[in-house]
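Q: starting from these lines, generate the structure:
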Amino acid sequence: MISMGTVWDRTKAVIAGRLGILLSLALVFLFAPTVVQASVDAMAETPGQPGSGTAILSLMVSLLATVGTLAITAVATDPNVDRPRAAALGIQRLGPAIGIVLLLTLAALLIVMPGVLLMVAAGLDVTRAQLGQAQANLNLGVAAAAGLYFILFFALMFWVTARFVPLLAVIVNERRGLGAIRRSFELTRGSTWKLIGVLILFGIVCLVAVVAATNVAGLITRLIVGPDHPGLVALAVAITTAALTALFGIIQSVFSGQFYLAARDVKDAA
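A: Okay, the predicted model is just below:
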């Protein structure tokens with residue numbers, strides 16, 4: 001039996017003991033790239049500034065964030081891993097991580113497609129929906145079926161997310177390729193509902209913290225620079241969001257890594 005309390009205690013111990021290396025990795029791979037992207041976006045909103053290359057920059061930021069998450073996971077699961085080794089492991093395991101993420105994304109798209117087709121068959125006008133206008137000639141029966149399908153889809157995605165909590169730790173520590181998916185399911189067997197509870201609580205805390213901090217940051221920045229500089233306000237909000245995302249990313253990765261270690265010990269000993 002895996003105790004979430006024990007996993008959380010180990011998470012706190014790892015963060016306290018390796019805070020310096022965790023913060024440095026988060027700063028380089030999670031925080032700084034996001035701030036650079038936010039700065040570029042803010043300049044792109046200014047007349048006369050070029051807006052090309054945003055998609056490429058977003059891709060680079062995503063790749064760096066993935067490397068950083070893998071590196072933090074390596075630090076969280078092996079006390080002998082230092083900063084250079086963690087970064088090297090993040091780069092080495094980037095390919096398998098991307099492959100698995102793409103496969104899972106494709107599977108999710110295939111699963112959600114029937115719901116999309118039902119909405120099309122119901123006669124949903126996307127433009128009117130975006131404008132908040134009433135739908136004309138909408139088949140309520142088919143639309144209700146589509147709504148039920150999407151509810152079931154999101155419930156399934158939440159369950160799957162819980163089963164994939166140790167996935168990145170498996171990718172970092174075990175060379176299994178696509179077998180990492182099956183291994184992640186094995187490690188979370190019997191702990192799914194506990195993990196769902198943790199995810200809900202963690203999500204609520206993150207949401208409240210981000211909303212509160214970004215509102216305060218936006219308000220203070222607007223008071224300082226005035227209402228005529230929305231780009232600067234957006235940049236301040238983005239920097240605040242990036243900082244909180246990096247901090248919560250550390251907590252999430254360390255918790256996932258410690259759950260992986262606890263589950264591995266229990267499952268492999270059985």
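Q: give me the number of neighbouring residues for V142.
A: Residues lying near V142 (other CB atoms under 10 Å) number 17. (Glycine included, C-beta is placed from N, CA and C.)
Q: ok, now how distant is it from A55?
A: 35 Å (CB to CB, to the nearest Å).
Q: try V75
A: V75 is 31 Å from A55, by CB to CB.
Q: tell me where this structure has helices.
A: Assigned by DSSP state H, the chain shows helices spanning 4-17, 19-26, 32-44, 54-77, 83-92, 94-121, 126-130, 140-163, 167-173, 179-188, 192-225, 230-269.
Q: possible to save those as CSV with mean pLDDT?
A: Shown next, in CSV, are the helices of the chain (pLDDT from 0 to 100):
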stretch, mean pLDDT
helix 4-17, 96
helix 19-26, 97
helix 32-44, 82
helix 54-77, 93
helix 83-92, 96
helix 94-121, 94
helix 126-130, 73
helix 140-163, 94
helix 167-173, 96
helix 179-188, 95
helix 192-225, 95
helix 230-269, 93
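Q: my read: T240 touches A213, true?
A: Yes. At 5.2 Å, T240 counts as touching A213 under the criterion of CB atoms under 8 Å.
Q: between the two, which one's more packed in?
A: The neighbour count for T240 versus A213, taken as other CB under 10 Å, is higher for T240 (19 against 15).
Q: and that one, what does it touch?
A: A213, T214, A217 (CB atoms under 8 Å, 6 or more residues apart in numbering).
Q: over to S256?
A: T73, A76, V165, P166, L168, A169.
Q: how far away is the residue of the chain most remote from its centre from A108?
A: For the chain, the residue at maximal distance from the C-alpha centroid (CA atoms, centre = their mean) is N137, at 38.0 Å. According to CB to CB, N137 stands 30 Å off from A108.
Q: what of T241?
A: Counting by CB to CB - T241 and A108 are separated by 25 Å.
Q: give me the more crowded residue out of the two.
A: T241 (18 against 14).
Q: show me what contacts the more buried one?
A: T241 sits next to T34, V210, A213, T214 when contact means CB under 8 Å, 6+ apart.
Q: my guess is the last one contacts V237. True?
A: Going back to what we said before, that points to T214. Yes. With contact defined as CB under 8 Å, T214 reaches V237; the gap is 4.8 Å.
Q: tell me which of these two has more neighbours.
A: V237 (21 against 17).
Q: contact partners for the more buried one?
A: T214, A217, G218, T221.
Q: also L168?
A: Counting by CB under 8 Å, 6+ apart, L168 has contacts T69, L70, T73, A97, S253, S256.
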